[in-house]
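J.: build me a structure from this.
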Amino acid sequence: MLTRLDHIVLLQKHAGTTVEDYQLLLGARPQWEDLETQLGATYFQTGNVGLEIVSPLGLHSHDYVCDILGDKPGALTSLVFSTDNIEQCHHICKRRGLDPSDISESRHQRQKFRCPDEACHGIKTFILSEPKKQTLLNPVSDIKLDHIVINTPNPDRAIAHYGARLGLRFALDRTNEDWGARFMFFKLDDIVLEVIHRQGQKHDPSANDEIWGLTWKVDNLDAHHKRLSKKGVAVSETRMGRKPGTRVFTVKSHSGGIPTLFLEQSQK
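T.: Alright, predicted model coming up:
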């Protein structure tokens, strides 16, 4: 049904500095900008996924964004998937109780529909048709999204939603008592949705899921650590990752407030 994660949306109250920060973080200029509507958008294309930074341009849209973000300056709010057959995907979503909107035209001559927030437990979810011709003007070939972290208060609901309803491959379900969390991994193409239920905390099982953080995969971790340090980005020392055969470092600034890791997978 779904072929890949097309892009993710980072909603910001004030995007100017965040756009500049992601130019540093990803090492590339935006592919395109749309500053002619109430919600301005700036789009970066990495090696396997897009990142769209959205912010208000008018008073009405500013109030709308503030209602979504509350006291947070920004947050990851949306998952935008692609499908190679949007009519069939729309039919399946309807049959699975996702109550999709009508199919309509999006920018760049692609068709789209949306599944309502309540059906997707607070995460804004859109489905796009695959582009007729993929034209990536400024791809960041060395940087790809490895995984996106989602917090859930209800692990059984998450399995039903991401696995059964959206049809993502449910690859792993593991509880680690030392880390105080249950980890559920859903895979689509080369990207993993890591859904975490943090144990030892009080949870309202009817509360929404929340997109929490991003891990970017690179071929040469030391080179990116050096590049970002020289540009004034605060980064941790490199260290071994939780996954065997990986090394990581934490990005502590220039990420729009989004918890961010850079990761290198051993070639051995």
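
J.: any regions of the stretch 1-150 of the chain where pLDDT drops low?
T.: 133-141 (pLDDT under 70).

J.: ranges for the helices of it?
T.: Listed in chain order, the helices of the stretch 1-150 of the chain (DSSP state H, counting those that start in this stretch) span 16-26, 59-69, 86-95.

J.: what's next to the second one, contact-wise?
T.: This means helix 59-69. The contact list for helix 59-69 (C-beta atoms under 8 Å, 6 or more residues apart in numbering) reads Leu11, Lys13, Gln38, Leu39, Ser55, Pro56, Ala75, Thr77. Quick note: C-beta positions are derived from backbone N, CA and C, even for glycine.

J.: pipe the residues you listed into TSV and attach neighbour count and distance to Asp84 per row.
T.: Listed next are the contacts of helix 59-69 as TSV, based on neighbours: other C-beta atoms under 10 Å; distance: C-beta to C-beta, whole Å:
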residue	neighbour count	distance to Asp84
Leu11	23	28
Lys13	16	36
Gln38	13	32
Leu39	17	28
Ser55	22	31
Pro56	20	34
Ala75	20	30
Thr77	19	25
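
J.: farthest pair in those?
T.: Gln38 and Ala75 (18.7 Å; C-beta to C-beta).

J.: of the contacts of helix 59-69, which is the nearest to Pro153?
T.: Ala75 (16.6 Å).

J.: can you tell me how far that closest one sits from Asn151?
T.: According to C-beta to C-beta, to the nearest Å, Ala75 stands 12 Å off from Asn151.

J.: ok, now Ile92?
T.: Ile92 is 27 Å from Asn151, by C-beta to C-beta.

J.: for Gly245, same thing?
T.: 26 Å.
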